[in-house]
Each structure stands twice: as C-alpha cells, then as structure tokens.
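K.L.:
here is the input, now give the coordinates:
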Amino acid sequence: MENNQLIVIKQLPEIEEHLKDVSMEIDKKVDTAKTLVCNEDNKQTIKKIRAELNKELEEFEKMRKDVKEKVLAPYTRFEEVYKTYISDKYKSADKELKIKIDEVENQIKQEKEQELKEYFEEYKNFKNIRFIIFEQANIKVGLSDTITSLKKQIQIFIDKVFDDVNLINTQGHKEEIMVEYKETLNVNQAIATVTNRYKAIEEEKKNQEIVSNSNEVNTLNQKKLIENNKSDEFVIVPTKKEIIVKFYINNEEEKRLKQFLNLSNIKYESEDLR
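P.N.:
Model prediction:
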C-alpha cells in the first residue's frame, strides 16, 4: 500500500453538502430580517426575530462543536498511533545520532584548541610577553576554521601586545602604566590613567606649596612685629575666628606699632594704662 493511501477522509464532503442545504434556508431568514425597517411600533417584533436567529446560531454552534469532537477523535487516536510507531522512532534515532556527531565535533574542537594554546605559549615566549593568557585573545574555534587562520589571529593579538609594551617603555612612569595595562590590555587608557593621576598629584603639590608659603609669610610677619616692638610681655589667646594679642609698650613704640597695624589691615584697640 502506498503512503498516500494510508489516510482517507470520507465524512467531511457529506457534512459539507448538508450544510449547503441548510444554508439556503438560513439565507432566506437572514435576508428577510435585514429588509425589516425598525421603528417604535415593530421594535419588539424585530427583537424577537433577532433572538430567534441567535438561538438557532447557538444550536448550530453546539452541533458544530459536537461534530468537531467526533471528527477529531479518530485523528487524535491516529496521532497517538503515528507518534508511537513512526515519529518517535525517527526522533529517537535523530537524538542519538546528534549526540554521536556532537562528541566527534567537540573532540575536533578540543584538539584544535589544544594545538592553538601550545602555539600561543610558544609565540608569546618568542616575543617575550609573559603576562598574557590564551583566553585574553578571545579566539573562537569553529569546525570550519582552519588552524592556519586561527594561528594568524593569535599572531595579530600577540604582536599588538608587543607593540603596546614597546610604547609603554618610552613613557614616564612606565612601571605604573604597565600595571594599568595588564588589567585591560588597553594601552591608550593605561597611559591616560597614569598621566592624569600625576597631573592631579602635581596640582595638589602646588596647592600645598601655596598654603605652606602663606603660613611662612604669616609666621615671619609675626616675628618681625614682635622684634620691632621689643615688647616686654605679650599674651596670645586663641579663639574660634581670631587671635587676640596684647602688647605692653611705651609711648615711643606706640606710633610705630599703630602704623604697622594700619598698613597690615589688622584691627586693634589701644588702652592707656597710665
């Protein structure tokens, strides 16, 4: 028996002819209903006709669902038998064959990868680049990729690292740049990071020098003030916002001290103790 004769459907044509006969009667009812003019006087009549049509539709829908269930029942049973005796057997074979193929292909990939790792170590040692590892090259090993093309990718990767290292050796602070470079293998980023770091350090040193010089000037001014006035006694009382300095001087020294304080914009109060 040929395959195209295994499945034969006989019910649907008979059902279809019966529906065509019923359809003619439905057309008459529907066409009549559509020609009705709805007004206040016959509104209830038209509602009744609409309800009768909907009721007939519900009965046909019930019949349709019943027919569907009966029609599908043999197919459902057939599908179970087909699955057991036909499709499951093919799928089982396909699954097992795929496992065997995958094992062979994975073995081929592993052998390729092992050969590439050995070449990677050999070439990086030749270039004297010890710190890189195979995974950083991001080599994707495919079945269709030749060993020659994959080795070429390794050469390009290691040659770039070699050139980057030579560039770093021409830079100031090369040791620090190399530390940064090993983290990302991005030479431009590594150089920029260290360069910006030292710029920030130099800027901070300048700021500290300005503060230090300012403090030294203030200290010298205070010493000069004390020496010029040859004070017999002074007391420094620190507060939160200012320093109060008391001098005990004679009349001859008072004029010179006041002149200095005015020139320095220093607030002062004087008191005659005579």
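K.L.:
center of the chain, which residue is that?
P.N.:
For the chain, Thr184 is the residue whose C-alpha lies nearest the centre (CA atoms, centre = their mean; 17.7 Å).
K.L.:
what's the local residue count around Asp159?
P.N.:
When counting by other CB atoms under 10 Å, one arrives at 13 neighbours for Asp159. Just so you know, the C-beta spots here come from the backbone N, C-alpha and C atoms, and that holds for glycine as well.
K.L.:
how many residues are close by the closest residue to it other than its chain neighbours?
P.N.:
In this structure, Asp159 finds its nearest non-sequential neighbour in Lys127, 7.4 Å apart by CB to CB, 6 or more residues apart in numbering. For Lys127, the tally of surrounding residues (other CB under 10 Å) stands at 15.
K.L.:
which residues touch Lys127?
P.N.:
By CB atoms under 8 Å, 6 or more residues apart in numbering, the residues touching Lys127 are Ile158, Asp159, Val161, Phe162.
K.L.:
verify the contact between the last one and Ile129 for me.
P.N.:
In other words, Phe162. Yes: with contacts counted by CB atoms under 8 Å, Phe162 reaches Ile129, the gap being 5.8 Å.
K.L.:
quick one: mean pLDDT for stretch 175-192?
P.N.:
Mean pLDDT, stretch 175-192: 94.
K.L.:
quick one: contacts of it?
P.N.:
Outside stretch 175-192, the residues that touch it by CB under 8 Å, 6+ apart are Phe131, Ile132, Gln136, Val161, Asp164, Val165, Leu167, Ile168, Gln171, Thr193, Val194, Arg197.
K.L.:
ok, back up a step: farthest-apart pair in the contacts of Lys127, please.
P.N.:
Asp159 and Val161 (7.4 Å; CB to CB).
K.L.:
and for the closest residue to Glu254 other than its chain neighbours, the neighbour number?
P.N.:
Leaving aside its chain neighbours, Glu254 sits nearest to Ser270 (7.3 Å; criterion: CB to CB, 6+ apart). When neighbours are defined as other CB under 10 Å, Ser270 has 10 of them.
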